[in-house]
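> Provided below are the primary sequence and the corresponding predicted coordinates.
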There are 2 protein chains.
Amino acid sequence: MSTQIDSFVQANLDAYIVKTARLCAQPSVSAKGEGTHACAERVVEILTQHGFRVQKFATPGNPIIVGRVEGHSARTLLFYNHYDVQPAEPLELWTTPPFEPTIRDGALYARGAKDDKGEFIARLLAVEAVRAAHDGKLPCGVTFVVEGEEEIGSPHIAEFVREHTDLLQSNGAIWEEGGIDPDGRPEIGLGRRGVLSVELLVETMTRDAHSGGAHNLPNAAWRLLWALATLKGQDEHIRIPGFYDHVRPPSAIDLKLLEAKPHYEEWTRKTFGVKEFVRGLTGHALNRAVFEPTCNIQGITAGYQGAGNKTVIPARASAKLDFRLVPDQSPDDIFAKLREHLDKQGFSDITIEWHGAMWPSKVSADDPFVELTARTGAEVYGLASVRNPMGGGSSPVYAFAKPLNIPVVTCGVGYANNRTHAPDEHVRLQDFQNAARHIARILDGFASL
Amino acid sequence: MSTQIDSFVQANLDAYIVKTARLCAQPSVSAKGEGTHACAERVVEILTQHGFRVQKFATPGNPIIVGRVEGHSARTLLFYNHYDVQPAEPLELWTTPPFEPTIRDGALYARGAKDDKGEFIARLLAVEAVRAAHDGKLPCGVTFVVEGEEEIGSPHIAEFVREHTDLLQSNGAIWEEGGIDPDGRPEIGLGRRGVLSVELLVETMTRDAHSGGAHNLPNAAWRLLWALATLKGQDEHIRIPGFYDHVRPPSAIDLKLLEAKPHYEEWTRKTFGVKEFVRGLTGHALNRAVFEPTCNIQGITAGYQGAGNKTVIPARASAKLDFRLVPDQSPDDIFAKLREHLDKQGFSDITIEWHGAMWPSKVSADDPFVELTARTGAEVYGLASVRNPMGGGSSPVYAFAKPLNIPVVTCGVGYANNRTHAPDEHVRLQDFQNAARHIARILDGFASL
C-alpha cells in the first residue's frame, strides 16, 4: 500500500505544486480584507473538483468552507486549514513578489506557500494517493474545514464549530502548522496553550501636566507600573491569587517526551541574542517550562516618547498583556481573578479590556491517534517522531477538540526556516512530498484505529 | 519719586506696547531655528537705542546679548530675559496669527507677548521711567542678559556665565516669569528646584520574539518595570540610597510663607481632573510638598502600541524620567547614586543616559533684596506680596546665582492665564504697566540696600 501511495505522490508532485502556486497567486490577506472572498471561491472549486460535497458558510468576516466525503468505514478524519494569509509587507524584502509564486532551489516561494495553502494542497494530494491505492474510495471519511480568519485570531471559528457539531462529527483531527524539527525528525504536536489578551488602562488626570507639579499630581505611568509590579516579580511567579489553581502538571509521559525532545538552547540563544533565559533556565528545563503559564507584557504606552525629554506628567497609561494558559486554566476564570486581584491591591481605578482568548487544549501522549501519527511519521522520514506534548503558542485547536470531543494532532509541510509570516515564505518540495506521504499513511490507518 | 515714575509709565505705555508688538512680529522659535538670529539683532538695536553698551556673544546655538549701563552707585542690578519663543503650533487655535501682534480686550496677543518679549520691554520702560525721575542717570547700574535658547533648555547659559563673571558682576538679579497670583497679589519667586533628566534603556534580546516563548525569553518591558519599581513605591518615597542626604528642609520662615500662600487645591483638582493628589495631600500640604524632591516618569516606550494585540515579547524598552531636586541636592550626585542603586539591585544591564540637568537655587526669604521687591510690589498692586519660597519647576537661575553669588528674585508681567506656550498667548496692558512701575521702584531702591 505504501509503495502505491509513494508512487502516486511522486508522480503527481509537480501538478500539486502548480495547484499550490495557483492558489497562492490569489491574495487573501485577512488583516486587510484583500482577496479573501475570491480565494474562498477558489477553495470551493478545488474541493469540489476533488469530489468533496462543499458548503460555504458566511460569517461576519470571511466565509468558512466545509468539504466532506464518505469513506468505507464510518470513521471520519477532520483536517483544519485556512485560506487567509499574513500581509506580505515589507515587499522590498521579497526576492520575488509575494503573489507571483516562483520555484527555485527546490522550494515554492510565495505568501501562503507554507502557511497554509501548501499545507492544504499537500493534504489533497494525500487524499488522492489513498483513493488511488483503494480503487477510488477512501477507507475513512474526510472532512475539510478551511477558514479565512486564522491570521486575525479566528474570531468566528469557535462559535461555528459549536453550532455545527453534527456536520463536523468526526473521530480525530489534523491541525495545520506541523512539520520536521531542525534535525529532520517529524514533530507531532499534541497540544497548545490557551491565551488571554487584555489591556490595562489607567487615567489619573483629565490632561497631562508639567512635571514641576509632580510632588502633587498623580502620574498614570507610575500607577500602571505599580499595578503591573503586583502581577509578577523577577522570579516569574504570577501573584494573582488562585492563578495556578487549575494548572494540571505534565504527565509522566509528557515529562519523558520533553526530556527526549531537543532543547535548542544554543540556537535560541543565538537567534534572539539572549544572554540569560528567564529564571536562569538552561537545557531541558527550557522545554519543561512550556507547562508554566506566563504573563507577558506586549507593550506599554505612556507619556512622551519622542526625542530628548519633555517635562510632562502623563495623565494616561496603558499596557497590553497576554497570559498563556495551560490545561485546565480558563481565560474567563483568569480574567475574573485578575480583576479581583487589582481591586484588592487598591487598583480598582484601572480598567481591564478583554481583547481575546483561546482555551488550552491537549491530547494524551499515548492516544492511539498519536501513536498512528508518530509511527507513520517515522516510516516516512526515517527518524523517530518527536512528540511535543505542548506548544508555547495558542491556536483554536480547543474550538474543535472540546465540542467535538476528538483528539487533535499537528503534522505537516513545515521545517525550521519556512519564513512563515515573513518575506520569502516558502515550502520545500521535499517537505511537501513527505507531508503528503505521511498524511496518506494516517488516512490509510485511521479506519482501523 | 513714585508719582514721577508712575506718570512716565502711564504716558509712555502705548509706545512700549508698540515696541513689544514690533519685537513679537519677528519670529524667533529656537526649537526650529526660525528667525532667532534676526531677533537677536533687533534686541541689540533696542538696547543700543536705550543707551546700553551692547555685546553679542556667539554660542554654538543662538547668540547671548549683554547690555550694560552704569549708575550713580557702584551697585548693579541684573535682568535675565530671553528673546526666543515656543513654537506657535497649533496655528488654527489662534484667534489672530501668532506673529501678527494684535491688541484686543486690553491685552496684546502674540507669541512671545508675555514670554518673554513683553517682560523684556516692560523692564526697559521701567529703566526709562527711573532715568526720567533722576535727570537721566540711573541710581544703580543695570545689566541685561538676553539669551536665545531658554525655550530649549538654555544649553549654553551656564557656561557663558561661568566664563564672564567679571562682565556680569552685579548685586542682585531679577528673573523672568513673575507676576500676580489669581487673587491679584504680586508673587515674588525666591527659588526653583533643580532637575536631572535621564533615560533608562534595557535590551534583553537582539530582536522581538513571539509571546508563545514567554516562558523562556526575557521581556525587556518587565525588566524595565522591575527596575523602575525599585526607584519609588506608592508612598512616593524615593528608594535610591542617599537620595535625600543633601536635602535642606525649608526654613521656619519658608514654612510660614507656604502657610500664608493660597494652595489652590480646588482649582488644581478641577483644572487637571485630579481625584486624589499624591500621598493623599490636601490644602496647604500641597504647597509644602514642593520641598520634596520628585521622581517623575515622563514616558515609557515598550513593544507593541497599535490597535488590538500583538503576540510579541519586546526586546527593548525605555523610560524617560526627571528628578526635581531641592537645595542642596546636585544632579551629578543623584545620577551617580541612581547608577549605583541599579547596579546593586542587579540591573547593571540597564543603560542610563544623561539628558540634561539644572541645579536647585533659592534666595533666603528675609534677604533685603526680597524685602525691597515685596515692599514695592505691595505699593504698586495694593495687596501684600506673596513670597513663594520655591517653584516646582526648574530654570537656569542657579547658573547666575551660584557663580555670581547674588540673590535672584522673580517678578514680572504675568497673571494666571497668559496662555504662555499655548495659542492666544497674551500680556494684559494693565499687568505690563504695573510690572514696569514695580521694576522701576526696585531700581529706585536698589542702590541704597
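Thanks, I have the structure now. No experiment lies behind these values; they were computed from the predicted model shown.

> specify the residue ranges that define each domain of chain A.
As assigned by automatic domain parsing, chain A contains the domains A:2-192+A:361-446, A:194-247+A:293-358.

> relative to the whole chain's centre, how far out is the longest one?
By that I understand domain A:2-192+A:361-446. 12 Å (Cα atoms, centre = their mean, to the nearest Å).

> gap between the two ends of that domain?
Domain A:2-192+A:361-446 has an end-to-end distance of 14 Å (Cα to Cα, to the nearest Å).

> quick one: is it near chain B?
Yes: legend: contact between domain A:2-192+A:361-446 and chain B by Cβ under 8 Å from any Cβ of the partner chain is shown at A:391-394. Just so you know, the C-beta spots here come from the backbone N, C-alpha and C atoms, and that holds for glycine as well.

> average pLDDT across that domain?
Computed over domain A:2-192+A:361-446, the mean pLDDT rounds to 96.

> quick revisit: with mean neighbour count added, can I get the domains of chain A in a markdown table?
Formatted as a markdown table, those follow (neighbours: other Cβ atoms under 10 Å in any protein chain shown):
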| stretch | mean neighbour count |
| --- | --- |
| domain A:2-192+A:361-446 | 20 |
| domain A:194-247+A:293-358 | 20 |
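
> ok, now which ones touch the residue lying closest to A:E292 once chain neighbours are set aside?
Distances taken as Cβ to Cβ, 6 or more residues apart in numbering or on different chains place B:H215 nearest to A:E292, at 5.0 Å, with adjacent residues excluded. The neighbourhood of B:H215, defined by Cβ atoms under 8 Å, 6 or more residues apart in numbering or on different chains, consists of A:278, A:289-290, A:292, A:294, A:324, A:392.

> B:H215 in helix, strand or coil?
Assigned with DSSP: H, G, I helix; E, B strand; the rest coil, B:H215 falls in the coil class.

> please report how far it lies from B:K19.
Here B:H215 is placed at a distance of 70 Å from B:K19 (Cβ to Cβ, to the nearest Å).

> how about A:R131?
To B:K19, A:R131 is 96 Å away according to Cβ to Cβ.

> what's the answer for A:D333, then?
72 Å.

> do A:S394 as well
A:S394 sits 70 Å away from B:K19, going by Cβ to Cβ.

> in three-state terms, how would the most centrally placed residue in chain A be classified?
Nearest to the mean C-alpha position of chain A, by Cα atoms, centre = their mean, lies A:S395 at 4.1 Å. At A:S395, secondary structure determined by three-state DSSP is coil.

> hmm, A:G178 and it touching each other?
No: with contact defined as Cβ atoms under 8 Å, A:S395 does not reach A:G178; the gap is 11.5 Å.

> quick check: A:F369 is in a strand.
No: A:F369: not assigned to a strand; according to three-state DSSP it is helix.

> can you map out the strands along the stretch 301-449 of chain A?
A:312-313, A:316-325, A:351-358, A:361-362, A:386-388, A:408-410, A:426-428 (DSSP state E, counting those that start in this stretch).

> using TSV, please lay out these together with distance to A:I439.
Output for the strands of the stretch 301-449 of chain A, formatted as TSV (distance: least, Cβ to Cβ, whole Å):
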stretch	distance to A:I439
strand A:312-313	58
strand A:316-325	29
strand A:351-358	25
strand A:361-362	21
strand A:386-388	17
strand A:408-410	11
strand A:426-428	14
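
> ok, A:R42 touching A:A25?
No: if you go by Cβ under 8 Å, A:R42 and A:A25 don't touch, sitting 9.6 Å apart.

> picking that back up, so which of the contacts of B:H215 are in strands?
Using DSSP state E, the subset of these located in strands is A:294, A:324.

> checking the residue of chain A positioned farthest from its centre next. Helix, strand or coil?
Residue farthest from the centre of chain A, counting by Cα atoms, centre = their mean, is A:G212 at 48.6 Å. Recorded secondary structure, A:G212: helix (three-state DSSP).

> and the closest residue to it other than its chain neighbours, what does it touch?
Excluding its sequence neighbours, the residue lying closest to A:G212 (Cβ to Cβ, 6+ apart) is B:G393, at 3.1 Å. The contact partners of B:G393, by Cβ under 8 Å, 6+ apart, come to A:210-212, A:311, B:192-193, B:195, B:324.

> report the separation between the closest residue to A:R207 other than its chain neighbours and A:A220.
Using Cβ to Cβ, 6+ apart and skipping residues adjacent in sequence, the residue nearest A:R207 is A:A315, 5.4 Å away. Distance, A:A315 to A:A220, by Cβ to Cβ: 6 Å.

> which neighbours do the two share?
A:203-205.

> wouldn't A:T36 be in contact with A:Y83 here?
Yes: taking contacts as Cβ under 8 Å, A:T36 lies within contact range of A:Y83: 7.5 Å.

> which neighbours do these two have in common?
Taking Cβ under 8 Å, 6+ apart as the contact rule, A:T36 and A:Y83 both touch A:28, A:148.

> what about the strands in the stretch 101-250 of chain A?
For the stretch 101-250 of chain A, strands defined by DSSP E, counting those that start in this stretch occupy the ranges A:102-104, A:107-109, A:141-147, A:172-175, A:179-180, A:186-189, A:191-192, A:194-203, A:209-210.

> mind naming the longest helix for chain A?
Ranked by residue count under DSSP state H, the longest helix found in chain A is helix A:2-24.

> and that helix, what does it pack onto?
helix A:36-49, strand A:107-109, helix A:117-133, helix A:429-446 (3 or more Cβ pairs under 8 Å, 6 or more residues apart in numbering or on different chains; DSSP states H and E).

> at 10 Å instead, please
When contacts are defined as 3 or more Cβ pairs under 10 Å, 6 or more residues apart in numbering or on different chains; DSSP states H and E, helix A:2-24 packs onto helix A:36-49, strand A:102-104, strand A:107-109, helix A:117-133, helix A:368-381, strand A:426-428, helix A:429-446.

> okay if I get these as a markdown table plus distance to B:R111?
Listed next are the helices and strands packed on helix A:2-24 as a markdown table, based on distance: least, Cβ to Cβ, whole Å:
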| stretch | distance to B:R111 |
| --- | --- |
| helix A:36-49 | 52 |
| strand A:102-104 | 58 |
| strand A:107-109 | 57 |
| helix A:117-133 | 59 |
| helix A:368-381 | 73 |
| strand A:426-428 | 58 |
| helix A:429-446 | 66 |
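
> looking at those, which is nearest to B:K56?
Distance to B:K56, taken as Cβ to Cβ, is lowest for strand A:107-109 among those, at 65.0 Å.

> strands paired with that closest one, and their directions?
Using DSSP bridges, the strands paired with strand A:107-109 are strand A:102-104 (antiparallel), strand A:426-428 (antiparallel).
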